[in-house]
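> Got a sequence here, can you build the structure:
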Amino acid sequence: MPISPVLASYSDLAYGTALVLYLFAMVLHFIEYAAARVPATALVTTVATDSDGSVATLVSPSSVPPRATAARIGRCAVALTGLAALVHAASLALRGAAIGRVPWANMYEFISALCFVAVAGWLVMLYRQRCTATALPRLGGFVLLPVVVLMFLGGTVLYAQAAPLIPQLNSYWITIHVSAAITATGIFLVSGVASLLYLLATRTGSRLGSRLPDTAILDRVAYRTAVVALPVWTFAIITGAIWAEAAWGRYWGWDPKETCALVAWVVYAGYLHARATAGWRGPGAAWINVAGFGVMLFNLFFINIVIAGFHSYAGI
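Predicted structure coming up:
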């Protein structure tokens, strides 16, 4: 199928627009985060002299942003995030239409897709939990921060021109296997961010941690997202093995990417086990979850870019 340069350019434009919208939404989320925690005792004392010469002490609320204002800012940030996700989805759809294939065959496309999954998963969580009026949306800025960074890297140093599939990837398994890997990685991103914030919130005397939601909320977000993502990652590994047998004549060859994917699976399985074990529940389990996402990032960048193997399809 011939490539459509017009659709490809529209896709790139939508990608850049989504990145800018995510950036503005992230800023609004951080404004909400900074304004949300208003001490109840934040009062200003002034001294005034009455007409009869007596001195009166007046106590009034200090000029800090009210909670209602922070909540409105949070709702605007969530709405802007939803708009950005729609533009982002349009970018992926236009990319696929321009090249006549699934839009996740190189690192630029893979990162774009996983960031969309992360944002979509976050919005679904907010909707299901009906948490737009609670502390949970204050995490939005921290979820969008890695999304903005990844999309910036994807649109600059990792960008790849629209092109047909290379022969090694021209298989229906790219739709099944890679989409599962993208979905799991995007959800693991949310889980990793929640565990990092959990560890920050448990630090005694941390000013940043004191503004976060309750540690029970952070722990629940990290655990529930990991519970969803691990079976999807398991499916990705299984379908990858099936595709490897069809392409290379073996199910498993200890290729660097295969090995790293298995290590990530073991770490996340360890996290879910630790989370269910009384002795490890809490910071210990959170550190394992953070380590799991570190392995995922290592697999995404170092294995794809630095180490040569059967899966060297970064497109850069």
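> Now do the same for the helix or strand encompassing I217: mean pLDDT, whole number.
Using DSSP states H and E, the element containing I217 is helix 215-248. The average pLDDT for helix 215-248 rounds to 91.
> Which elements pack onto it?
Applying 3 or more CB pairs under 8 Å, 6 or more residues apart in numbering; DSSP states H and E, one finds that helix 215-248 contacts helix 107-129, helix 173, helix 179-201, helix 256-275, helix 283-298. All C-beta spots, glycine's among them, are computed from the backbone N, C-alpha and C.
> Now tabulate those helices in CSV and tack on distance to G100 and mean neighbour count.
As requested, those are exported to CSV (distance: least, CB to CB, whole Å; neighbours: other CB atoms under 10 Å):
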stretch, distance to G100, mean neighbour count
helix 107-129, 14, 21
helix 173, 17, 16
helix 179-201, 17, 24
helix 256-275, 26, 18
helix 283-298, 30, 20
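> where among the ones you listed is the average confidence lowest?
helix 173 (a mean of 86).
> Need the contact partners of it.
Residues from elsewhere that reach helix 173 (CB atoms under 8 Å, 6 or more residues apart in numbering): 239, 242-243, 246.
> And the buried ones among those residues, selectable in PyMOL?
Per 16 or more other CB atoms under 10 Å, the buried members of the contacts of helix 173 correspond to this PyMOL selection:
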select buried, resi 239+243
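> and which of the contacts of helix 173 is nearest to P2?
Nearest to P2 among those is W243, at 27.0 Å by CB to CB.
> Which residue is the nearest non-sequential neighbour of that closest one?
Leaving out its chain neighbours, the residue that sits closest to W243 by CB to CB, 6 or more residues apart in numbering is W173, at 3.9 Å.
> Report the separation between the one you found and N289.
According to CB to CB, to the nearest Å, W173 stands 29 Å off from N289.
> got it, and I303?
I303 is 20 Å from N289, by CB to CB.
> which phi and psi does A276 have?
When quoted as degrees, to the nearest 10, the phi and psi of A276 stand at phi -90, psi 0.
> Next, count neighbours for it.
Residue crowding around A276 was assessed by other CB atoms under 10 Å; the count is 11.
> Of all the residues in the helix holding I217, which ones are buried?
For helix 215-248, by 16+ other CB under 10 Å, it's 215, 217-226, 228-230, 232-233, 235-237, 239-240, 243-244.
> roughly how far out does that helix sit from the chain middle?
Averaging C-alpha positions (CA atoms, centre = their mean, to the nearest Å) puts helix 215-248 15 Å from its chain's average.
> P137 contacts I73, correct?
No: look at P137 against I73 with CB atoms under 8 Å: they stay out of range, at 9.7 Å.
> ok, back up a step: determine which two of the contacts of helix 173 are furthest apart.
Across those, no pair lies farther apart than T239 and A246, at 10.6 Å, counting by CB to CB.
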